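Q: my questions concern the predicted model and sequence given below.
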Amino acid sequence: MTALTPEAVEALFTRSDDSFLFARWGRPIAPVLFGVEDSTISVFKGALEALCVLTGHNLAELDPEFGVNLMVFFIRDWSELKETPNLDRLIPDLGPLVARLEAADANQYRLFRFDANGAIQACFAFIRVDAEVAAVPAETLALNQMVQALLLWSDRAFTDSSPLALVEDRAVLRPDIADLMRAAYDPAIPAMSQDPSTALRLAARLGRGQ
């Protein structure tokens, strides 16, 4: 697969309101999963570890400020979020958010928090296990979710095409997306940028390998 063009890179970080916003994690990731069996937790942590090896980013047992900073919740119904103890302290306007997700019949949602420099400092990912999600193999679901948690992609980045590809019936990260994720964690790239020219800088690093 050929490298992404600068225009394609820019589109992956251009939001529905046409604003460009790129951000990566600015601290080690300390993950925790709720609502799944230990075997699924291992699959998700394995996917996250692989992506951290790819990007050169670090994992941690604990975050000094939050304890854990990547929380993944598996639920059967969005109303369960309102029953989760203390979640309303972490997520502002939890009630209206749940109402919007129910109205949209959504099966996933991610909320990011950022530090003073605009880098990602926390991510809350919610996955409603409907029939569509239940039909997806755990390895595929894990890789897809961790890819989308590792960068602040556009809200429409993967609406038409997945970041994954099938190789011999096994889901793997698309080579062009892997290359872009590696470039996104290059220390020469700012941890946060609202300047579309950042897409040119990212594109210039594609195909270099490691």
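A: Arrived safely. None of these values were measured; they are calculated from a predicted model.
Q: domain parsing for this protein?
A: 1-24+156-210, 25-150 (automatic domain parsing).
Q: what about the strands in this structure?
A: 22-23, 31-34, 70-75, 108-114, 120-128, 164-167, 170-173, 192-193 (DSSP state E).
Q: check contacts around residue 95.
A: By C-beta atoms under 8 Å, 6 or more residues apart in numbering, the contact set of residue 95 is 82, 88. All C-beta atoms are positioned from the backbone trio N, CA, C, and that covers glycine.
Q: how does it look with 10 Å?
A: The contact partners of residue 95, by C-beta atoms under 10 Å, 6 or more residues apart in numbering, come to 81, 82, 88.
Q: about what we covered before: what about the strands of the chain, which gets the closest to residue 8?
A: Within those, the stretch nearest residue 8 is strand 22-23; the backing value is 13.9 Å (C-beta to C-beta).
Q: partners of the closest one in the sheet?
A: Within its sheet, and counting by DSSP bridges, strand 22-23 is paired with strand 192-193 (antiparallel).
Q: so which residues make contact with the strand it pairs with?
A: 13, 20-24, 26, 114-115, 117-120, 152, 198-199, 201-202.
Q: now swap in stretch 127-139 and tell me
A: Against stretch 127-139 from outside (C-beta under 10 Å, 6+ apart): 33, 35-37, 39-40, 42-44, 46-47, 72-78, 80-81, 101-102, 105-110, 141-145, 169-172.
Q: select only the buried ones of those residues in ChimeraX?
A: Selection of buried members from the contacts of stretch 127-139 for ChimeraX, criterion 16 or more other C-beta atoms under 10 Å:
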select :33,36,40,43,44,47,72,73,74,75,78,80,81,101,107,108,109,110,141,142,143,144,145,171
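Q: buried sites along stretch 51-66?
A: Neighbour-count burial for stretch 51-66 [16+ other C-beta under 10 Å]: 51, 52, 54, 55, 57, 63.
Q: tell me the pLDDT at the first one?
A: Translated: residue 51. For residue 51, the pLDDT comes out at 98.
Q: could you do the fifth one as well?
A: You'll see residue 57 listed with a pLDDT of 97.
Q: so it sits against residue 186, correct?
A: No: using C-beta atoms under 10 Å, residue 57 makes no contact with residue 186, being 11.3 Å away.
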